[in-house]
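With the sequence up front, the predicted model follows.
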Amino acid sequence: MWPIAGGERLLSEVVEQTYRFCVQQGSIGAEELSAAMKADRSTSLGAVTELARLGLVRIDDGVVTPVYPMSALQPVAHSKAQQAIAAWEAALTLSEVWTTAHQRSAAVEMLSGGQQTREAVADVLRDAGSDVAALSVSPSLDVPDLPASRPLPGSQEAIARGVRFRVVYGQPILSSSETLKAVKTSVANGEEARYLPHAPIDMILCDDRRAIITPSGIRGGPAPSIVVYEPSLLDSLLAVFESCWWLAVPLSHGGDLSGPDSEVRGGLTDDQRLLLTLLAAGLTDESIARQLGVSERTVGRRLSRLQMMLGVNSRFQLGVQVTRRGWM
């Protein structure tokens, strides 16, 4: 069988069988061929006509003689290859026209959510050249077969390329041990992360050229997303992000969160910094204990020790003192 690109056969099964028979016979009369192959006369003659058109047989005085296939089909192969190259070049040229026209004429593009949003986010992260700024409210983008403890696909590759990756996380992210684990992994790999309890929306902004925003709290199916191209809108979204970044509390991966040997940074150990961050997120002592892998009583003891260290009598005063000292 002789296939061509896309799985389409150059020769039908009948035409191929006719050529094979002609090769075995050497030469045979066109009228004798159908009888010898036990085939319908019109079908046999049609196959011979197709072979002659392709140059695979010669017909002289009603005698069919096969021709060496390489010499016959090389021009066909060359023509098909030239057509494929021309089609590919046209596709590239017209794709540039499409992209330019859409970026110039469309301020935004609506996505239905789900798979479309995942593909758009992956595209943004692939194209990131210098800066990615993100607000992360939802625990995940519902990526199939991706554990919540894994960073978003493409983010680590962007960081490895030297892209500055800043993310402000909302409370739902820190409320789950799985997503908190993903945050730790990302920060350990170079992501700059901060926490803001009421981060307003899921957003990824890439190089001031494109942003994807997804409203939170939508029920009844995947949340629709919006891709933003308009420069003035992108400036506004960047201003929203920078405001959230300024208000947010820095996060660090903290190494072994339950270990006693964390390095002291800025007046607090990494364990203490994470403990206060989870407390500021509104988590109960029970939830904090689960996140840190310790008992609820241990959480209470650590908070009491911090209060004694700073000479305060309540958790509220503890938060005020930590903020004033710039420890978070």
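That came in fine, so what should we check first?

how about the strands in the stretch 151-300 of the chain?
Ranges of strands within the stretch 151-300 of the chain are 164-169, 192-195, 202-206, 210-214, 225-228, 249-251, 264-265, 268-269, based on DSSP state E, counting those that start in this stretch.

could you dump those to a markdown table with distance to Glu50 and mean neighbour count?
For the C-beta atoms, the positions are set from N, CA and C on the backbone; glycine is no exception. Converted to a markdown table, the strands of the stretch 151-300 of the chain look like this (distance: least, C-beta to C-beta, whole Å; neighbours: other C-beta atoms under 10 Å):
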| stretch | distance to Glu50 | mean neighbour count |
| --- | --- | --- |
| strand 164-169 | 60 | 22 |
| strand 192-195 | 67 | 20 |
| strand 202-206 | 54 | 24 |
| strand 210-214 | 52 | 21 |
| strand 225-228 | 50 | 21 |
| strand 249-251 | 70 | 21 |
| strand 264-265 | 79 | 12 |
| strand 268-269 | 82 | 18 |
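
Which of these sits closest to Ser177?
Closest to Ser177 of the strands of the stretch 151-300 of the chain is strand 164-169 (C-beta to C-beta; 14.0 Å).

now what about that closest one, what contacts it?
With C-beta atoms under 8 Å, 6 or more residues apart in numbering as the test, strand 164-169 has contacts from 130-136, 155, 158-159, 183, 186, 190-196, 199, 241, 244-245, 248, 251.

rank the strands of the stretch 151-300 of the chain by pLDDT, which is bottom?
Looking at the strands of the stretch 151-300 of the chain, the lowest mean pLDDT belongs to strand 264-265 (a mean of 38).

give me phi/psi at the most far-flung residue of the chain relative to its centre?
Most distant from the centre of the chain: Asp61, at 64.5 Å, with distances by C-alpha atoms, centre = their mean. Backbone geometry at Asp61, expressed as degrees, to the nearest 10, gives phi 50, psi 40.

Repeat that for the one 5 residues further on.
The main-chain torsion angles of Pro66 are listed as degrees, to the nearest 10 and equal phi -70, psi 150.

Okay, now the unreliable bits of this protein?
For the chain, applying pLDDT under 70 flags the ranges 1-9, 95-106, 113, 138-151, 216-223, 252-267, 310-311, 324-328.

what ranges do the helices span in it?
Counting by DSSP state H, residue ranges of the helices within the chain are 13-25, 30-37, 41-54, 69-105, 115-127, 155-160, 171-174, 177-188, 231-247, 270-280, 285-292, 296-310, 315-324.

tell me the angle of the first one relative to helix 69-105?
Going back to what we said before, that points to helix 13-25. 150 degrees (axes from the mean of the first three to the mean of the last three C-alpha atoms, to 10 degrees).

Lovely, talk soon.
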